[in-house]
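Chemist: dropping a prediction and its sequence here:
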Amino acid sequence: MNDFSYLKPASRQIDFDKFDDRLLLYVLKYELSFATCISCGGCTATCSAGNLTNFNVRKIGLWLRRGETEKLSEEIGKCMFCGKCTLICPRDINIRNVILLIKKRISMLKTEKEMP
Amino acid sequence: MIKNKHVAIIGGGIAGMEAAAVLAKQGLKVTLIEKEAITGGKLNDWHHLFPDFFSPKTVIDNLIAKTNHSGVNVVYNTEISKIEKLNGRFELSDERDTKFYSDAVIIASGFRLFDATLKEEYGYGIFDNVITSVDFEKLMKTEGKLLTAQKTEPKRIAIIHCVGSRDAKTGNTYCSKVCCITGIKQAIEINKILPDSEIYCFYMDLRLYGLNFDSLYLHAQKQHKIQFIRGRLSEIAERFDKSLQLKTEDTLQGRPLRINVDTVILLIGMEPGASNNLFTKNNKVTIDENGFMKPINMHENRNSSTHDGIFLAGTVICPMAVNESIENARAAAFEVISYLEKNKL
C-alpha cells in the first residue's frame, strides 16, 4: 500500500481515562482547602509574576485538578512566592502552600524516576 | 377560642407586615413592633424591584393598607432585645424595659447589609467614586440620576458582584443570591439614563435562579450592551482625576485585565441581623453556622424556630427576594394559627 505521508496529528481531546492524580492527591493531603477553588481569577489578577510573564496561577490550580502534570512542571518555577494570591483568595485557600506542595511532589517524582 | 390569643411580631419590614395582616384578618390580636419610626424596613430606600422594575412603594403602600384595615396594633421606635417565656406566655422587652406579652412570637427582624468598608481593597469610604448597590438605589430614588463625585456623568461604570458574599475573607461563605440579578437590573437602569455609557459587570458565577432572571440577563446583553467579564476583582486604585483603576483576571481569556472606570458599584450582600444573637438568649432559639435564625428544618418546617411558639419569617432565616420574603411570612402566619389551635387550652 502506498504511503501518502498524510499527517496524523495527535488527538486534541483530553483523555480523562488516563487521569494523572499523583500531584492532586498529594496537595489535597496537606492542603485540603484547595478543593474549594472556583477559578475566580482573583489570584491571577493580583499575581506579581503573572503581570510580567505568561504565568497564570489560576491555571495552575485548574491543571492540578485536571492532572496536567507535564504543564505544571513546566510552569511552576515561575512563581515568586510573594503570597498575594493567598491574601486575595475568597475561598481562603493557602495558594502559596499549594504551589510549594506541587513543587515538592514534582521533585519527589523526579527522584523516584516516575517522571521524565 | 384562638381569637383571644395575642401574637407579637418583631420587625415591621415587609415580612412582619404581611404576617401581621394575615393573622389580624383571622381575628387574632396582633402587635407589630418596629424599631424605626415607619414600617417598610429597608424597602423604603429602594427605587425599583427586579426583575420587572416594579415599584417598591406600591408593595409598601399595599402592606400598610392591609395592616391598617385588619386592625394590627403597630408600635414604632421600639427595638426588642429580649424574648423570654414566663408562666406559659412570652414576655418581650426592649432596653427601656417596655414589655409586651403574647401567646406566640414571630421574629421578622430581617437582615443587615454587608459593611463594604471591611473590603478595604475595594476602597469604599476611601475613594469618592466607589458606591454600593444600596447607595445607587437611594440616589435613583432621591435624585433620579447617577453622577460622579465631581458632578460629571460617568462614561464607564463597573458593577462588582459578590462583595461580602461567598468570601471567606469577610467571614461570609454563603451566597446572598439576590445581588446577581440586582446588578443586572441596575446595569440596565444606568444604560437607560446614560445611554452612551459603557457598563461592565465583573462576576464569579451568575446565579440567576428566579423566574425571568435569565431573560433579564439576555435583555441586558442584547438591548443594553452590558459587558459581562468573568473574573473576581482583586483591587481598586484611585487616580489623580478621581477615576478608578480596577485589576482583575479575564478568566475566560486567561490573562490579567485592567480597566479604568469613572464609577464603581459594589453589590453588597445580606448578613444576619445584629439582633439575632440577642434573641437566642433566655430561650431555646438558635442560629445556624452563618448567623441566620435556625429553623427546625429548611424543607417543611422552615418557619418554626427551635423554641416552641417562636416562629421565623423572611430574611431572618436566610437571604430572600421581596416576593419570597412576603410568601414566607404568610406561611409563618399559618404556622402560628395551627400552633395556637393545638395549644388553645
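Modeler: Yep, it's here.
Chemist: so which residue is dead centre in chain A?
Modeler: With distances taken as CA atoms, centre = their mean, residue A:60 lies nearest the centre of chain A, 3.4 Å away.
Chemist: so which bits of the helix or strand encompassing it are buried?
Modeler: Element membership for residue A:60, per DSSP states H and E: helix A:57-66. For helix A:57-66, the neighbour count (16 or more other CB atoms under 10 Å in any protein chain shown) marks A:57-66 as buried. In this view, the C-beta of every residue, glycine as well, is placed from N, C-alpha and C.
Chemist: so it, near chain B or not?
Modeler: Yes. Helix A:57-66 lies within reach of chain B by CB under 8 Å from any CB of the partner chain, at A:58-59.
Chemist: tell me the mean pLDDT for that helix?
Modeler: If you average the pLDDT over helix A:57-66, you get 96.
Chemist: now it, how far from the chain's geometric center?
Modeler: 4 Å (CA atoms, centre = their mean, to the nearest Å).
Chemist: for chain A, what are the nearby residues on the stretch 51-200 of chain B?
Modeler: Counting by CB under 8 Å from any CB, the residues of the stretch 51-200 of chain B near chain A are B:121, B:162, B:166-169.
Chemist: by neighbours, which of those wins?
Modeler: Among those, the one with the most neighbours (other CB atoms under 10 Å in any protein chain shown) is residue B:162, at 27 neighbours.
Chemist: wait, residue B:271 touches residue B:110, no?
Modeler: No. The criterion here is CB atoms under 8 Å, and residue B:271 misses it with residue B:110 at 10.5 Å.
Chemist: now residue A:62: closest residue in space that isn't a chain neighbour?
Modeler: Spatially, and ignoring its direct neighbours in sequence, residue A:62 is nearest to residue A:39 (6.0 Å; CB to CB, 6 or more residues apart in numbering or on different chains).
Chemist: which residues does that neighbour contact?
Modeler: A:58, A:61-62, B:251 (CB atoms under 8 Å, 6 or more residues apart in numbering or on different chains).
Chemist: farthest pair within those residues?
Modeler: A:61 and B:251 (11.2 Å; CB to CB).
Chemist: which residues sit against the helix ranked longest in chain A?
Modeler: If you go by DSSP state H, chain A has its longest helix at helix A:95-111. Residues from elsewhere that reach helix A:95-111, judged by CB under 8 Å, 6+ apart: A:22-23, A:26-27, A:30-31, A:34, A:43, A:57, A:60-61, A:64, A:69, A:72-73, A:76-77, A:79, A:81, A:83, A:85-86, A:89, A:115.
Chemist: sorry, back to before: remind me what the helix holding residue A:60 packs against, helices and strands.
Modeler: helix A:22-30, helix A:42-46, helix A:69-75, helix A:95-111 (3 or more CB pairs under 8 Å, 6 or more residues apart in numbering or on different chains; DSSP states H and E).
Chemist: 6 Å - rerun?
Modeler: Applying 3 or more CB pairs under 6 Å, 6 or more residues apart in numbering or on different chains; DSSP states H and E, we find helix A:57-66 packed against helix A:42-46.
Chemist: got the buried residues for the helix it packs on?
Modeler: Judged by neighbour count (16+ other CB under 10 Å), helix A:42-46 contains these buried residues: A:42-46.
Chemist: with stretch B:255-265 instead?
Modeler: Counting neighbours by 16+ other CB under 10 Å, one finds that the buried residues in stretch B:255-265 are B:256-257, B:259, B:261-265.
Chemist: how about residue B:131, secondary structure?
Modeler: strand (DSSP: H, G, I helix; E, B strand; the rest coil).
Chemist: how near is it to residue B:187?
Modeler: Residue B:131 is 14 Å from residue B:187, where distance means CB to CB, to the nearest Å.
Chemist: tell me if residue B:100 really is in a strand.
Modeler: Yes. Counting by three-state DSSP, residue B:100 is found in a strand.
Chemist: gap between residue A:22 and chain B?
Modeler: To chain B, residue A:22 is 24 Å away according to CB to the nearest CB, to the nearest Å.
Chemist: so how many other residues sit close to that residue?
Modeler: Close neighbours of residue A:22, defined as other CB under 10 Å, add up to 14.
Chemist: for the stretch 51-200 of chain B, what spans make up the helices?
Modeler: Under the criterion DSSP state H, counting those that start in this stretch, helices of the stretch 51-200 of chain B are mapped to B:56-70, B:133-142, B:179-193.
Chemist: which stretches of the chain have low pLDDT?
Modeler: Reading this off chain A. A:1, A:114-116 (pLDDT under 70).
Chemist: wrong chain, I was asking about chain B
Modeler: B:1, B:345.
Chemist: ok, and what's touching the helix ranked longest in it?
Modeler: Looking across chain B with DSSP H, the single longest helix is helix B:322-342. Identification of contacts with helix B:322-342 by CB atoms under 6 Å, 6 or more residues apart in numbering or on different chains yields B:2, B:5, B:7, B:14-15, B:18-19, B:22-23, B:49, B:104, B:106, B:303, B:311, B:313-315.
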